[in-house]
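Colleague: below: sequence and its predicted model.
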Amino acid sequence: MQHKIQEAGARIIENSPVARIARRVLTSPNVAMVFGRQIHLSGVKKEDFLKDRYWVEHELCHVQQYKDHGLFGFLGKYIIESCRSGYYNNKFEAEAREVGRRNAGLAANHPGRNKNTAPGNGV
Ligand SMILES: [Zn+2]
């Protein structure tokens, strides 16, 4: 999956302090969150993140959303959408789940990551 990261012009940042704060707030053992083209990880090693095709595709969709809307444009829209609809029903999250499932070859009704074995979060 590293080639897809490179193709997208994205960069992975391990042990990210920002992602660590998100991890605490979300009380999640592992978190990936995207700012622009940077994918910040906490609680998961880069090599393990890259093995989870759905997760990588999900976060790469957020990288594309930043490209489409601009750094502050996307952040603003994402926050407004989260306030209106919450995290799960946020249209940017719904799109990232859909793209993640499609690009990882999972069924349309597949939940994506298995919450029991990999209870991570993507932002
Ligand atoms: Zn997400």
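Modeller: In hand now; what should we look at? These numbers were taken from a predicted model, which means no experiment stands behind them.

Colleague: drop to CA atoms for contacts and neighbour counts, all remaining ones
Modeller: OK.

Colleague: show me the shaky parts of the protein.
Modeller: Along the chain, segments meeting pLDDT under 70 span 114-123.

Colleague: ok, now with 80
Modeller: 111-123 (pLDDT under 80).

Colleague: quick one, strands of it?
Modeller: For the chain, the strands defined by DSSP state E cover 11-13, 31-35, 38-42, 121-122.

Colleague: wait, Lys46 touches Ile12, no?
Modeller: Yes. Lys46 is within contact range of Ile12, at 7.1 Å (criterion: Cα atoms under 8 Å).

Colleague: follow-up on the earlier one: JSON lines for the strands of the chain, including distance to Arg97 and mean neighbour count?
Modeller: Converted to JSON lines, these look like this (distance: least, Cα to Cα, whole Å; neighbours: other Cα atoms under 10 Å):
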{"stretch": "strand 11-13", "distance to Arg97": "20", "mean neighbour count": "17"}
{"stretch": "strand 31-35", "distance to Arg97": "14", "mean neighbour count": "23"}
{"stretch": "strand 38-42", "distance to Arg97": "16", "mean neighbour count": "23"}
{"stretch": "strand 121-122", "distance to Arg97": "10", "mean neighbour count": "18"}
